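J.: Prediction below, plus the sequence it came from.
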Amino acid sequence: MSKTVTGVSESEDENAEILKNNRDYTLLHWVKQKDANPINVSHADGSYFWDRDNKRYIDFSSQLMNVNIGHGNKKVAEAVAKQMAEVSHTHAGCMVTKIKGLLGKKISEIAPDGLNKSFFTLSGSDANEAAIMLARFYTGRHKIIARYRSYHGTSNGAASISGDPRKQPFDNNLLSGIVHVEDPYSYRCPWGQTSEEGTCEKALEHVERIINFEGAQTIAAIFMEGESGTSGCIKYPEGYLKGIRVLADKYDILMISDEVMSGFGRCGNWFGVQNADVIPDMITMAKGLTSGYIPMGGVIVHDKIADYLEDNAFGYGMTYGAHPVACAAALASIEVIEEEGMIENTRKMGEYAKDQLLKMMDINPSIGDVRITGLLGVIEVVKNRETKEPMAPWNASADEMAVMNKVFAKLRELGLFTFTRWNFIFVAPPLNVTKEEMDEGLAIISEALKIADEHCC
Ligand SMILES: Cc1ncc(COP(=O)(O)O)c(C=O)c1O
């Protein structure tokens, strides 16, 4: 039997062959290969993608919270093709290109004051890798402070600063000198506080104690995500990032904002840290930088660090760094965000989503908390709103995931793809999502949550 997908005729045999080739000759990231049931993607457009049986999915997490401008944007595709034809690759240490200069200039315009120069890498992980090395190089100190409930990437340094448990099976040889602190998790305050202000105050006192225990003179940098992401969108309480900036200044430590997920409009501003009106010393970026059309990451450095690099060679680079084709994708994607008013739409749709999610709490008793900043949001699913017992705990075992796995399967069956984890369901569609698309996605989530609702006690 033949089916038509984007005008191409494909038989079920061909679909099976595609799956088989992938199964036999490639490895999926992050998952146990045997249990995986990947979606056989055919094409994508805007907030949707289709599998090869022509089933449509609404992409409620913009893949990995990176396809910020939505799928299938022609302007980016054309910019990439044009750059490929002009010059497709250059040596990142010995050559410059028009497109790299234009991208650097554009980023300096949208970045906080004083952050004007960008060092371009290939991904979020290696952007953070570069930032760790640069912080150590610039300060001459070695320790890095980061949060337990954080994810900064998968390479050795980036995994070391992450608190995310995915690294635990291979964490015997990570970087030394990495110190983790508790998060200002107001919903489950580690210090038993019942207000955001209380959590914020205790969290900052805690960070300062750790700085003093470790010895400020040994600490190069404090890493913060611009807004918490895959660890559960643990929204920073008001004043937290400002407080971190104060501590960094007091002890002469660099503050680094990892904007890999929270940047490029995702949180209703160019960078998440701008919501807190804070200027970090470095920003790391990837994902929304190119909206995922081509891999690219980077570090934006403060003028004081750029000045230091005038006389000190930072021995760090890579063959594909500052790739001209990636630069073209990035510049075009940033222009699309600007021209199509996507940051304004993100704020508006983020507020709308929040209102709708709060209304859903009347229908779905399993919704314990909703946290959303711009279009980076999460629903935290619980067994009981009073006790806040999670439907699946942090770093849940396979057995503990029984109910949530059924919810996740239902989402997929109903045609919604989103990032899910433990007791979290993410709400992070492309930044040009419409009200109708938001309604469609939230209705599916509400329907799937009925499975969890039955397990509330
Ligand atoms: C905050 C943050 N930093 C870094 C990374 C790693 O980026 P990449 O997957 O491009 O290496 C991620 C990925 O999810 C992230 O969310």
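T.: That came in fine, so what should we check first? Bear in mind the structure is a predicted one, so any value in this text is a computation, not a measurement. Numbers count the residues shown, from 1 in each chain.

J.: what ranges do the helices span in the stretch 1-150 of the chain?
T.: Counting by DSSP state H, counting those that start in this stretch, the stretch 1-150 of the chain has helices at residues 12-25, 62-65, 74-86, 98-110, 124-139.

J.: for this structure, longest helix please?
T.: Longest helix in the chain, counting residues (DSSP state H): helix 342-363.

J.: Need the contact partners of the following helix or strand past it.
T.: Note on helix 342-363: by DSSP states H and E, the next helix or strand toward the C-terminus is strand 367-373. Applying C-beta atoms under 8 Å, 6 or more residues apart in numbering, the contact partners of strand 367-373 are 187, 227, 232-235, 262, 267-268, 272, 275, 350, 353-354, 357-358, 360-361, 377-382, 385, 388, 390, 423, 427, 449. For the C-beta atoms, the positions are set from N, CA and C on the backbone; glycine is no exception.

J.: tell me the mean pLDDT over stretch 44-51?
T.: The average pLDDT for stretch 44-51 rounds to 98.

J.: May I have it as CSV, with CA atoms only?
T.: Extracted in CSV, the C-alpha atoms of stretch 44-51 (Å, rounded to 0.1, in the frame of the first residue of the first chain):
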residue,chain,number,x,y,z
ALA,A,44,7.8,19.6,9.4
ASP,A,45,6.2,23.0,9.2
GLY,A,46,5.7,25.8,11.8
SER,A,47,4.6,24.2,15.1
TYR,A,48,4.0,20.8,13.5
PHE,A,49,5.8,17.8,12.2
TRP,A,50,4.5,14.6,10.5
ASP,A,51,5.6,11.0,10.6
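
J.: All further residue positions should be reported with the first residue as 32.
T.: Okay, using 32 as the starting number, the last item reads as stretch 75-82.

J.: contacting residues around residue 163?
T.: 175, 188-189, 192, 206, 252.

J.: Just the ones of these in strands?
T.: 175, 252 (DSSP state E).

J.: Max pairwise distance over the contacts of residue 163: which two?
T.: Greatest spacing in those, by C-beta to C-beta: 189 and 252 (13.3 Å).

J.: rewinding a little: now the buried members of the contacts of strand 398-404.
T.: Buried by 16 or more other C-beta atoms under 10 Å: 218, 258, 263-266, 293, 298-299, 303, 306, 381, 384-385, 388, 391, 408-413, 421, 454, 458, 480, out of these.

J.: in the sheet, who's paired with residue 256?
T.: Under DSSP bridges, the beta-bridge partners of residue 256 are residue 289.

J.: Next, find the distance separating it from residue 264.
T.: Computed as C-beta to C-beta, to the nearest Å, the residue 256 to residue 264 distance reads 10 Å.

J.: Report the contact partners of the residue of the stretch 82-231 of the chain found nearest the ligand.
T.: Of the stretch 82-231 of the chain, the residue with the smallest distance to the ligand, taken as C-beta to the nearest ligand atom, is residue 155 at 2.2 Å. By C-beta under 8 Å, 6+ apart, residue 155 lies in contact with 183-184, 189, 289, 291-292, 315-318, 328.

J.: Just send those residues back as TSV, with pLDDT too.
T.: Below are the contacts of residue 155 laid out as TSV (pLDDT from 0 to 100):
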residue	pLDDT
183	98
184	97
189	98
289	98
291	98
292	98
315	99
316	98
317	98
318	98
328	98
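
J.: Which ones among the residues you listed lie within strands?
T.: Of the contacts of residue 155, the ones assigned to strands by DSSP E are 289, 315-316, 328.

J.: Now do the buried residues in stretch 132-150.
T.: 134-135, 137-138, 141-143, 146-150.

J.: ditto for stretch 270-289
T.: Neighbour-count burial for stretch 270-289, with 16+ other C-beta under 10 Å as criterion, is recorded at 270-272, 274-276, 278-279, 284-289.

J.: Can you give the distance of it from its chain's centre?
T.: How far stretch 270-289 lies from its chain's middle: 21 Å, per C-alpha atoms, centre = their mean, to the nearest Å.

J.: what's the answer for stretch 234-252, then?
T.: On the basis of C-alpha atoms, centre = their mean, the separation between the geometric centre of stretch 234-252 and that of its chain is 26 Å.

J.: I'd like the domain boundaries of the chain, if you could list them.
T.: Annotated domains of the chain cover 70-100+372-484, 105-370 [automatic domain parsing].

J.: got those domains as TSV, with distance to residue 48 columns?
T.: Shown next, in TSV, are these (distance: least, C-beta to C-beta, whole Å):
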stretch	distance to residue 48
domain 70-100+372-484	10
domain 105-370	27
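
J.: who touches residue 91 in this structure?
T.: Counting by C-beta under 8 Å, 6+ apart, residue 91 touches 447-449, 457-460, 472, 476.

J.: Now flag whichever of the residues you listed is closest to residue 396.
T.: Using C-beta to C-beta, residue 476 comes nearest to residue 396 of the contacts of residue 91, at 14.3 Å.

J.: check contacts around the closest one.
T.: 91, 391, 410, 442, 447, 449, 456, 458.

J.: try residue 251
T.: Neighbouring residues of residue 251 by C-beta under 8 Å, 6+ apart: 166-167, 169-170, 172-175, 284-285.

J.: Repeat the analysis, applying 6 Å as the threshold.
T.: Residues in contact with residue 251, defined by C-beta atoms under 6 Å, 6 or more residues apart in numbering, are 166-167, 170, 172.

J.: follow-up on the earlier one: nearest to residue 102, of the buried residues of stretch 270-289?
T.: Nearest to residue 102 out of the buried residues of stretch 270-289 is residue 289 (C-beta to C-beta; 25.0 Å).
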